[in-house]
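Asks: Compute the structure for the input listed below.
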Amino acid sequence: MHIPKTGGNCVLATLKDAPVLATGHGSVQRSIDRMAKPLRQAGLNWDKVYKFSFIRNPWDRMVSWYYHSCSADRQDWEPEQHYEHFRDWICYKGLRGLVTTTPKLALTLYNGILVPDFVGQYEHMERDLAHVADELSITPAVIALSNPGKNRPAWARDFKPFYDRRCDSIIVATADWEIATFRYSRDDEPTPAPVERPLVRPA
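Replies: Alright, predicted model coming up:
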């Protein structure tokens, strides 16, 4: 169950020898609807297949999305120009994408029940993708981790300087579910263990 900018290409490249179907982006119901036909053709149903997803620190994910969405002609800008442009972008174009592709919308039902059997973390991709491969009874030759965003400069891997107070509040307000569930913050590592059903919803 794919959430944008969470290593989808890495997942598919690593699991290329397994019958993996990617749901695309959107709500749980959209994923179910999109998968209904190919699953039926394969003689399977939604309830029986192994469902998994990956999430990512929302502050980092939005910077990644920014460089994915904006053209590469800004590579010669000074860092402060990138920061200023990102802050304008997230308040307008980026905010719309953030609201419509939240992990909470993509992974939980209306009552907060987590749909995937397993949710791995982008920050622990090698560990968690190996777990998925084991669940699928395959042994990938290599975890395909070498797919960094081609338009994101190396110095921009540190996402913290991109945020001012206003932009930080946008992430806190729209990404409250994954922040609480996976203990994300601008500074801390996520929870050390991946999340599997049943998920105890944060208070």
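Asks: who's in contact with the longest helix that the chain contains?
Replies: Ranked by residue count and defined by DSSP state H, the top helix of the chain is helix 28-41. Counting contacts by CB atoms under 8 Å, 6 or more residues apart in numbering, the residues outside helix 28-41 that touch it are 1, 21, 23-24, 45-46, 49, 105-109, 115. For the C-beta atoms, the positions are set from N, CA and C on the backbone; glycine is no exception.
Asks: mind redoing it with 10 Å?
Replies: Residues lying outside helix 28-41 but in contact with it, judged by CB atoms under 10 Å, 6 or more residues apart in numbering, are 1-2, 19, 21-27, 44-49, 51, 53, 104-110, 113-116.
Asks: From those, list just the buried residues.
Replies: The neighbour count (16 or more other CB atoms under 10 Å) marks 1-2, 21, 23, 25-27, 51, 53, 104-108, 114-116 as buried among the contacts of helix 28-41.
Asks: Restricted to helices, list the residues you listed.
Replies: Members of the buried ones among the contacts of helix 28-41 lying in helices (criterion: DSSP H): 104, 105, 106, 107.
Asks: how about TSV for those residues, with distance to residue 65 and pLDDT added?
Replies: Supplementary listing: these in TSV, determined by distance: CB to CB, whole Å; pLDDT from 0 to 100:
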residue	distance to residue 65	pLDDT
104	17	87
105	15	85
106	14	86
107	18	88
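Asks: ok, the residues you listed vs residue 68, which is closest?
Replies: Among these, residue 106 lies closest to residue 68 (CB to CB), at 17.3 Å.
Asks: For the residue of the chain positioned farthest from its centre, which three-state class applies?
Replies: Residue farthest from the centre of the chain, counting by CA atoms, centre = their mean, is residue 43 at 28.8 Å. For residue 43, the secondary structure call by DSSP: H, G, I helix; E, B strand; the rest coil comes out as coil.
Asks: what does residue 171 give?
Replies: Using three-state DSSP, the three-state assignment for residue 171 comes out as helix.
Asks: Is it correct that residue 160 is in contact with residue 60?
Replies: Yes. Under the criterion of CB atoms under 10 Å, residue 160 is in contact with residue 60, at a separation of 9.2 Å.
Asks: okay, those two: which has more neighbours?
Replies: Set residue 160 next to residue 60 and count neighbours by other CB atoms under 10 Å: residue 60 wins out with 19 against 11.
Asks: which one is that one nearest to, not counting chain neighbours?
Replies: For residue 60, ignoring the flanking residues on the chain, the nearest one in space by CB to CB, 6 or more residues apart in numbering is residue 159 at 4.6 Å.
Asks: contacting residues for residue 100?
Replies: Contacts for residue 100 were tallied using CB under 10 Å, 6+ apart; they are 4, 25, 26, 27, 106.
Asks: Let me see the contact set for the first one.
Replies: Put plainly, it is residue 4. Remark: with contacts taken as CB under 10 Å, 6+ apart, residue 4 is in contact with 24-25, 56, 61, 64-65, 68-69, 97-98, 100-101, 106.
Asks: Please tell me how far the nearest residue to residue 69 once chain neighbours are set aside sits from residue 87.
Replies: The shortest distance from residue 69 to any residue that is not its chain neighbour, by CB to CB, 6+ apart, is 7.1 Å, and that residue is residue 93. To residue 87, residue 93 is 12 Å away according to CB to CB, to the nearest Å.
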